[in-house]
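Colleague: Fold the following for me, if possible:
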Amino acid sequence: MKSSKPKIDIVNEVLEECILAFPVSSFIISLYKQYHERGSLSKKQLQGLHSKASKINDISISKLGTLEAIIKRMPTRYKSELPPAAPLFQKDKNAGEMMEEILARYPQHKRVLFLKAKYDNNEVLSPLEAGEIKKFRQLIR
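Modeller: Residues are numbered from 1 along each chain as shown. You can find the predicted model right below:
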């Protein structure tokens, strides 16, 4: 069953009074359009509306109080801080040490030079390439 009492829309009334007081305010006009399209406004938008409406001399104090109560009842949303940026690639220090050891004995080893250049450019070494480095190190011992 529907109730016979008409619902009072304070936000709409305050918006209409603000439009009459500030007819060229694009902020108030955009709030009015958005309120009628979506049926609600965000807490920040209502706070902006309250600050504009409080500048009107002949607006009812009870409407401003009701608007303020609506604002206080709404939840305050906080944005969490972004997590610290983690590097995409972690260098394998063990592989770097093994390549240095190999190049100390054989500075012209082409495959190890290639893998060392790849390592220095922060490119990911595949498991096959890491296995090659271990194999070369075992061969020089």
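Colleague: okay, CA-based contacts and neighbour counts for the rest of this
Modeller: Will do.
Colleague: can you map out the helices along the protein?
Modeller: 10-21, 26-38, 43-53, 61-73, 93-105, 110-120, 127-140 (DSSP state H).
Colleague: closest one to residue 84 among those?
Modeller: Among these, helix 93-105 comes nearest to residue 84, with 22.6 Å by Cα to Cα.
Colleague: List the buried residues for stretch 128-141?
Modeller: 130, 133-134, 136 (16 or more other Cα atoms under 10 Å).
Colleague: average pLDDT for it?
Modeller: In this model, stretch 128-141 has a mean pLDDT of 88.
Colleague: likewise stretch 99-106?
Modeller: pLDDT averaged over stretch 99-106 gives 90.
Colleague: Now that stretch: buried residues?
Modeller: 99-100, 102-103.
Colleague: Take those residues and lay them out in TSV including distance to residue 68.
Modeller: As requested, the buried residues of stretch 99-106 are exported to TSV (distance: Cα to Cα, whole Å):
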residue	distance to residue 68
99	69
100	69
102	74
103	73
